[in-house]
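Visitor: starting from these lines, generate the structure:
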Amino acid sequence: MTNENVLEALKNVTYPGFTKDIVTFGFVKHVDIKGDKVVIVIDITSSAQEVKQQLIDDSTVELKKIGFNAVEVHVDAPQAPVQQSNSVSGKNIAPQVKSFVMVSSGKGGVGKSTTSVNMAIAMAMQGKRVGILDADIYGPNIPRMMGLNGQKPIIEGNKVIPFKAYGVEMMSMGSLMEEGQSLIWRGAMVMKAIEQLLRDILWSELDVLVIDMPPGTGDAQLTLAQSVPVTAGITVTTPQEVSLDDSRRSLDMFKKLHIPTAGLIENMSGFICPSCDEESDIFGMGTSKAVADEFDTELIARIPIEPAIRVGGDTGKPIVYFQPDSETAKRYQAAASTLIAFIDKINAEGGADNSAVQPTTPPGVSACSM
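Guide: Okay, the predicted model is just below:
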């Protein structure tokens with residue numbers, strides 16, 4: 001037996017959740033053959049125990065097929081990270097809010113704002129005091145989705161009173177500027193705007209503030225982590241590989257900012273026919289599960305394409321509130337319950353560590369106010 005024989009056999013071992021084998025991925029790092037015994041070392045990126053065990057079992061089966069009587073498989077995997085949220089030195093510029101949820105995505109157009117609105121309302125329907133901050137500075141869509149498009153806020157002293165709809169408080173940059181106006185801002189200005197939306201809005205004593213972030217992993221996300229102790233992060237994706245690639249970047253951001261990852265929400269996951277209620281797989285379904293396993297988190301919801309979602313978003317009538325018996329609304333409610341349980345767990349374990357994320361604004365850089 002040679003190393004080439006071993007590697008050829010291991011090409012039959014597919015990495016869980018993917019179509020490629022562990023040899024093609026380059027995960028096989030060492031092969032040692034001694035007579036009818038072989039020892040291999042596999043180095044993977046997932047800390048999930050079930051992934052590790054499946055690779056051991058599958059590799060053992062394939063190597064015994066080619067004649068080895070003794071097979072020893074070692075899988076080097078990262079330790080599951082200690083999930084702690086933090087900001088700069090315990091900084092919290094919105095102390096009246098108990099928990100903060102960052103809703104993020106690696107790319108635009110995946111339904112992040114729709115998720116933020118329906119999850120926030122679902123938590124409010126389950127008895128929580130909830131607010132939603134539209135921090136998507138360049139593309140603020142929350143006012144329209146909440147039926148508040150065109151309304152202007154009331155100023156009380158030096159604070160802005162948030163709107164309220166469907167039991168949820170809401171504020172957005174879109175409500176503070178002229179409709180259709182573009183914001184051509186540099187990073188420092190975006191960072192200042194995020195801070196002011198947290199500090200200068202007269203939020204009530206809230207259980208949860210859901211923060212709809214811009215797509216990507218840039219200044220807005222870093223500023224939020226520096227300004228408040230983020231309790232949980234949610235990544236929104238679609239089933240296509242191009243979206244999943246970007247979702248990995250979003251999940252990696254949570255890890256680097258020490259934000260506890262509540263999980264992924266997969267949008268456009270199947271299609272529900274409005275005539276027969278049958279669910280069809282048109283863009284893929286459940287493909288995010290492998291990515292969730294890779295980052296030791298979970299897929300907390302698969303939200304299908306349902307025409308009522310689009311209508312609700314365009315007309316300011318969110319589906320979870322106006323069609324609570326629909327399949328989509330039920331899935332949002334279940335995801336909201338999962339998120340609430342995750343937040344409770346993080347808070348019970350001590351909440352924010354508040355020590356690791358450091359500010360990156362260069363000295364002397366100024367930012368304009370809203």
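
Visitor: pLDDT score assigned to residue 281?
Guide: As predicted, residue 281 sits at a pLDDT of 69.

Visitor: now do residue 362
Guide: Listed pLDDT for residue 362 reads 35.

Visitor: can you check residue 31 too?
Guide: Predicted confidence (pLDDT) for residue 31: 93.

Visitor: likewise for the one 5 residues further on?
Guide: Listed pLDDT for residue 36 reads 91.

Visitor: so what does the residue nearest to residue 37 when sequence neighbours are not counted look like in phi/psi?
Guide: Nearest residue to residue 37, sequence neighbours excluded (CB to CB, 6 or more residues apart in numbering): residue 70, at 3.9 Å. Any C-beta I mention is one placed from the backbone N, CA and C, and that applies to glycine too. Here is the backbone geometry of residue 70 (degrees, to the nearest 10): phi -120, psi 130.

Visitor: run through the protein and note the low-pLDDT ranges.
Guide: Regions of the chain meeting the criterion pLDDT under 70 cover residues 45, 47, 78-90, 177-188, 218, 275, 279-285, 351-370.

Visitor: select the longest strand from it.
Guide: strand 261-272 (DSSP state E).

Visitor: tell me the strands beside that one, with direction?
Guide: Here strand 261-272 is paired, per DSSP bridges, with strand 232-237 (parallel), strand 279-280 (antiparallel), strand 299-305 (parallel).

Visitor: which one of the ones you listed is the most hemmed in?
Guide: Sort the strands paired with strand 261-272 by mean neighbour count, taking mean count of other CB atoms under 10 Å, and strand 232-237 sits at the top with a mean of 29.

Visitor: list the helices and strands the helix or strand following that strand packs on?
Guide: Counting by DSSP states H and E, the next helix or strand C-terminal to strand 232-237 is helix 241-256. Under the contact definition 3 or more CB pairs under 8 Å, 6 or more residues apart in numbering; DSSP states H and E, helix 241-256 sits against strand 97-104, strand 232-237, strand 261-272, helix 288-294.

Visitor: what's the angle between the helix or strand following the first one and strand 299-305?
Guide: Per DSSP H and E, strand 97-104 leads on to helix 112-125 as the next helix or strand towards the C-terminus. For helix 112-125 against strand 299-305, the angle between stretch directions is 110 degrees (axes from the mean of the first three to the mean of the last three CA atoms, to 10 degrees).

Visitor: please work out the angle formed by the directions of helix 112-125 and strand 97-104.
Guide: For helix 112-125 against strand 97-104, the angle by the same axes, to 10 degrees is 150 degrees.

Visitor: so the residue nearest to residue 37 touches residue 32, yeah?
Guide: No: using CB atoms under 8 Å, residue 70 is not in contact with residue 32; the gap is 11.7 Å.

Visitor: joint contacts of those two?
Guide: Taking CB atoms under 8 Å, 6 or more residues apart in numbering as the contact rule, residue 70 and residue 32 both touch residue 38.

Visitor: can you show me the strands along this protein?
Guide: 28-34, 37-43, 70-76, 97-104, 130-134, 154-156, 159-161, 163-165, 168-172, 206-212, 232-237, 261-272, 279-280, 299-305.

Visitor: now for the third one, which elements pack on it?
Guide: Using 3+ CB pairs under 8 Å, 6+ apart as the contact criterion, the secondary-structure elements in contact with strand 70-76 are strand 37-43, helix 49-65.

Visitor: give me that answer again for 10 Å
Guide: Where contact means 3 or more CB pairs under 10 Å, 6 or more residues apart in numbering; DSSP states H and E, strand 70-76 is packed against strand 28-34, strand 37-43, helix 49-65.

Visitor: about what we covered before: how about the strands paired with strand 261-272 in TSV, adding distance to residue 332?
Guide: Shown next, in TSV, are these (distance: least, CB to CB, whole Å):
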stretch	distance to residue 332
strand 232-237	12
strand 279-280	16
strand 299-305	7
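
Visitor: of these, which is nearest residue 259?
Guide: If you check each of the strands paired with strand 261-272 against residue 259 by CB to CB, strand 232-237 wins as the nearest, at 4.4 Å.

Visitor: looking at the helices and strands packed on helix 241-256, which is buried most?
Guide: Ranked by mean neighbours (mean count of other CB under 10 Å), the helices and strands packed on helix 241-256 are led by strand 232-237, with a mean of 29.

Visitor: now do that strand and helix 241-256, the angle between them.
Guide: Computed with the same axes, to 10 degrees, the direction of strand 232-237 lies at 170 degrees from that of helix 241-256.

Visitor: CA atoms only for strand 232-237, dumped as CSV, please.
Guide: Only the C-alpha atoms of strand 232-237 are listed here, as CSV (Å, rounded to 0.1, in the frame of the first residue of the first chain):
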residue,chain,number,x,y,z
ALA,A,232,-26.6,38.1,19.5
GLY,A,233,-25.9,38.1,15.8
ILE,A,234,-28.1,36.7,13.0
THR,A,235,-26.9,36.2,9.4
VAL,A,236,-29.4,36.3,6.7
THR,A,237,-28.7,34.4,3.5
